[in-house]
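**Q** here's a sequence, model it:
(chains A and B)
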Number of protein chains: 2
Amino acid sequence: MKTRTIQLGPHHYEFVCGHHSLVEFARHAAVRACDRFIIITDQGVPTEVLQPVHAALSGVGPTDVLRFPDGERHKSLITVNDLAERAIAAGADRRTAIVALGGGLAGNIAGMVAGLLFRGLTFIQVPTTFMAASDSVLSLKQAVNLSSGKNLAGFYYTPTLVWVELSFLTALAPRHIRAGMCELVKNLLAIAPERIPHFRRILHPQNRYTAAHLHELIDFCIDAKMSVMLNDPYEKQAGLVLEYGHTVGHALELAAGGRYLHGECIAFGMLCAAAVARRARLLSDEEVDLHHELLQLIGISIVPDPGFLDEVILRIRKDNKRGYRRQEPGRIPMVLLDGLGQIHREDEHVVTMVDTEWVEAAIRSQLAVEPETISLAQ
Amino acid sequence: MKTRTIQLGPHHYEFVCGHHSLVEFARHAAVRACDRFIIITDQGVPTEVLQPVHAALSGVGPTDVLRFPDGERHKSLITVNDLAERAIAAGADRRTAIVALGGGLAGNIAGMVAGLLFRGLTFIQVPTTFMAASDSVLSLKQAVNLSSGKNLAGFYYTPTLVWVELSFLTALAPRHIRAGMCELVKNLLAIAPERIPHFRRILHPQNRYTAAHLHELIDFCIDAKMSVMLNDPYEKQAGLVLEYGHTVGHALELAAGGRYLHGECIAFGMLCAAAVARRARLLSDEEVDLHHELLQLIGISIVPDPGFLDEVILRIRKDNKRGYRRQEPGRIPMVLLDGLGQIHREDEHVVTMVDTEWVEAAIRSQLAVEPETISLAQ
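**A** Got it, this is the predicted structure:
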């Protein structure tokens, strides 16, 4: 078991990563300081995960479980309102902890509920996907979607404690592990390319990772994210590099209505951003090829259904990076790399205005690569 | 015209109070820094107020007006969600300002929308009631109600600018001015009793106040609130004195379903809290009498319909101060005074656990004073 302190600007919290560690979880001071627990989890979280966490917390205080339906369309203020009402009905007061159990969806929804109730309850995150453990819990950002775009409504809220139980992660379906590795590849390409040679030896497409491997990969993601967020906790300047691949990725995720996982969409988004950057002579052919190589190495090869293209373009125009710069007709603000590990700056701005036409061409060039080969094998 | 800086802990914002000042408003740097404006206002705000503010902002950038229905039952996450969707549909991006126009209700709802959209837009408050100008804009607290209680869901969000146009306040109906004075009386009793002799000469039941009077009264409220919130911006310790009268007051406000104004309910709540404090020998008869005297001086005399009593008691048990201390069956956490200008501390806690029976007795004693005499004259 290993404890780290996540420091993001003035905010900090404990991050514990352990194997068969739920007894220690229930003994942790932050848990013991609470009178009552409300576990917020989506219906995709299996009983084998929920049951032991529920049992561990029930030994400390009254523990209720609030479930909500899986899927991006339920990531809304309506769901948050419903859960907040149910939490109060279950007896939540200022001494209650909200416990997020699940992936990024459960984390964000529970983070919204925790931040809102009594203007802020103790918030404990128990991520159960590799993506959540290595990415979404390493951020203060909480958000829900509006009908016109992803993560348009939210706020910053700091968890008190993050607890990663590695046995939950080793039990994941291969597709979910692979998808989780995409943000790790993003960190390698956009923040720490010097670590690529090392991780080339660990990553592999069949993703049979041991608990020790996953722990090392999570540790790397903590280092990479803290290196950019220590001085930019709200991810508005240097931290915007973490949005690499997200402009096209978010649009595809919403357009495809849950058909592709978040990580798979971000992978596709990075390839599109790389194609734009190559055209703008910001990335070399070799640097773009490295994008493809690393994604192949983790077993990701996504060529989305071309039928989504129009919807993707429409949604890109509503991306929540709108307004980081003054709007310009026919141009889209994107995070681009200027060489690996380096965010491109344009007149001191960390987002670059790109012709919509260039973005469309980049998407089309990815679609043309090969027929749809994404593995949906579970 | 006078500009002050409101400093609450590490947060600060500009507070401008002027008479016929909307030309200067439109010229202010914080306004000119925005590309677009969304005015959020409730249906109770008259055209004579909305029109000139809309005209002033339209001279700076595209300005849309989003109206929502008046009344506490619309102070919900559902309304916030609806307004957030409409703001995006109207073209809001990160360079848009949300402008709250109205009383505390519009301020809180707009504050929630501003805080949530893109995780925080520029937030400009134009309070149009004396209550809002002297009380609610002097706080970082934003919140909406849940079905089980008032202000149970919210967060802290700092406005960029508060602009008080005094001609909006002098045009208010007498009942609304009187109700606004109740929080001022709270500040006199709970924070700055040394100013009572001075304000006795200004306050009067017919409340024909000049713009200069209102300005002086607002200035006093800024001084009083900043004195407790400078080191307690989140109102969790010394700042809890601002909740004086609110345990019974909020319960009555919700139980009576909009029949009484917020200030009228707080006035009643202070009398109940004073009766409890007298029984606990924390306040003398003279200090309790001063409560009655000052409320009479501002023209407030509320004896609620006894039919609301059961509902009031029920709601007190759901008050959002629940959990500042460990729950005890049959006891209610309340803010009490230990002499005027002094919050009572019980074992270092700033809320006092009071027997439910004592609170009920205090409420009944106020109901018994005289028949319902509240003036509903507009």
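
**Q** hey, let's count contacts and neighbours off CA atoms from now on
**A** OK.

**Q** near chain B, which residues of the stretch 1-150 of chain A show up?
**A** Within the stretch 1-150 of chain A, the positions near chain B by C-alpha under 8 Å from any C-alpha of the partner chain are A:77-78, A:81, A:84-85, A:88-89, A:93-95, A:115-120, A:143, A:146-148.

**Q** and the strand or helix carrying A:His215, which residues are buried?
**A** Applying DSSP states H and E as the criterion places A:His215 in helix A:211-229. Residues of helix A:211-229 classed as buried by neighbour count (16 or more other C-alpha atoms under 10 Å in any protein chain shown): A:211, A:214-215, A:217-218, A:220-222, A:224-229.

**Q** list just the nearest of those to chain B.
**A** A:Met229 (16.5 Å; C-alpha to the nearest C-alpha).

**Q** thought that closest one was touching A:Lys236?
**A** No - using C-alpha atoms under 8 Å, A:Met229 is not in contact with A:Lys236; the gap is 9.4 Å.

**Q** tally up the residues packed near the closest residue to chain B within the stretch 201-350 of chain A, please.
**A** Here the stretch 201-350 of chain A gets closest to chain B at one residue, A:Gly323, 4.3 Å apart by C-alpha to the nearest C-alpha. Neighbourhood size, A:Gly323 [other C-alpha atoms under 10 Å in any protein chain shown]: 17.

**Q** same deal with A:Asp305?
**A** Number of residues near A:Asp305 (other C-alpha under 10 Å) recorded here: 11.

**Q** how close does it sit to B:Ile38?
**A** With distances taken as C-alpha to C-alpha, to the nearest Å, A:Asp305 is found 38 Å from B:Ile38.

**Q** now do A:Ala212
**A** The gap separating A:Ala212 from B:Ile38 is 52 Å, by C-alpha to C-alpha.

**Q** which stretches of the stretch 51-200 of chain A form helices?
**A** Secondary structure of the stretch 51-200 of chain A (DSSP state H, counting those that start in this stretch): helices at A:77-89, A:104-116, A:130-131, A:166-170, A:174-190, A:196-200.

**Q** could you pull out the strands in chain A for me?
**A** Using DSSP state E, the strands found in chain A span residues A:2-8, A:11-18, A:36-42, A:63-68, A:96-102, A:122-127, A:141-146, A:149-156, A:161-165, A:331-334, A:352-355.

**Q** which residues of chain A score low on pLDDT?
**A** Scanning chain A for pLDDT under 70 picks out A:319-320, A:322, A:368-378.

**Q** mind listing what the residue most central in space within it touches?
**A** Taking C-alpha atoms, centre = their mean, the centroid of chain A lies closest to A:Ser136, which sits 4.0 Å from it. A:Ser136 sits next to A:104, A:107 when contact means C-alpha atoms under 8 Å, 6 or more residues apart in numbering or on different chains.

**Q** ok, now A:Trp358?
**A** Contact analysis of A:Trp358 by C-alpha under 8 Å, 6+ apart lists A:Val276.

**Q** ok, A:Tyr260 to A:Ala251 distance?
**A** On the measure of C-alpha to C-alpha, A:Tyr260 and A:Ala251 end up 11 Å apart.

**Q** A:Gly61 too?
**A** Going from A:Gly61 to A:Ala251 by C-alpha to C-alpha gives 42 Å.

**Q** could you do A:Met226 as well?
**A** Distance, A:Met226 to A:Ala251, by C-alpha to C-alpha: 27 Å.

**Q** any figure for the gap between A:Glu360 and chain B?
**A** A:Glu360 sits 22 Å away from chain B, taking C-alpha to the nearest C-alpha, to the nearest Å as the criterion.

**Q** how many other residues sit next to the closest residue to that residue other than its chain neighbours?
**A** Spatially, and ignoring its direct neighbours in sequence, A:Glu360 is nearest to A:Ile313 (7.2 Å; C-alpha to C-alpha, 6 or more residues apart in numbering or on different chains). A:Ile313: 19 surrounding residues under other C-alpha under 10 Å.

**Q** my read: A:Ile313 touches A:Gly249, true?
**A** No - using C-alpha under 8 Å, A:Ile313 is not in contact with A:Gly249, being 11.1 Å away.

**Q** for A:Val99, which residues are in contact?
**A** With contact set as C-alpha under 8 Å, 6+ apart, A:Val99 has these partners: A:37-40, A:110, A:123-126.

**Q** list just the nearest of those residues to A:Pro333.
**A** Nearest to A:Pro333 among those: A:Ala110, at 29.8 Å, using C-alpha to C-alpha.

**Q** tell me how many other residues crowd the closest one.
**A** The local packing of A:Ala110 (other C-alpha under 10 Å) involves 31 other residues.

**Q** could you measure from the residue nearest to it when sequence neighbours are not counted over to B:Gly18?
**A** Distance criterion C-alpha to C-alpha, 6+ apart; nearest residue to A:Ala110, sequence neighbours excluded, is A:Ala100 at 5.3 Å. Counting by C-alpha to C-alpha, the gap from A:Ala100 to B:Gly18 is 48 Å.

**Q** between these two, who's got more neighbours?
**A** Taking other C-alpha under 10 Å, A:Ala100 and B:Gly18 do not tie; A:Ala100 has more neighbours (29 against 19).

**Q** contacting residues around the more buried one?
**A** Contacts of A:Ala100 (C-alpha under 8 Å, 6+ apart): A:39-41, A:106-107, A:110-111, A:123-127.

**Q** ok, A:Val350 next?
**A** Neighbours of A:Val350 in contact, by C-alpha under 8 Å, 6+ apart: A:237-238, A:240, A:335, A:343-344.

**Q** most neighbours, which of those residues?
**A** The most crowded member of the contacts of A:Val350, judged by other C-alpha under 10 Å, is A:Val335 (26 neighbours).

**Q** show me what contacts the residue nearest to that residue when sequence neighbours are not counted?
**A** Excluding its sequence neighbours, the residue lying closest to A:Val335 (C-alpha to C-alpha, 6+ apart) is A:Val351, at 4.9 Å. By C-alpha under 8 Å, 6+ apart, the contact list for A:Val351 reads A:240, A:324-325, A:333-336, A:344-345.

**Q** that concludes my questions; thank you for your assistance.
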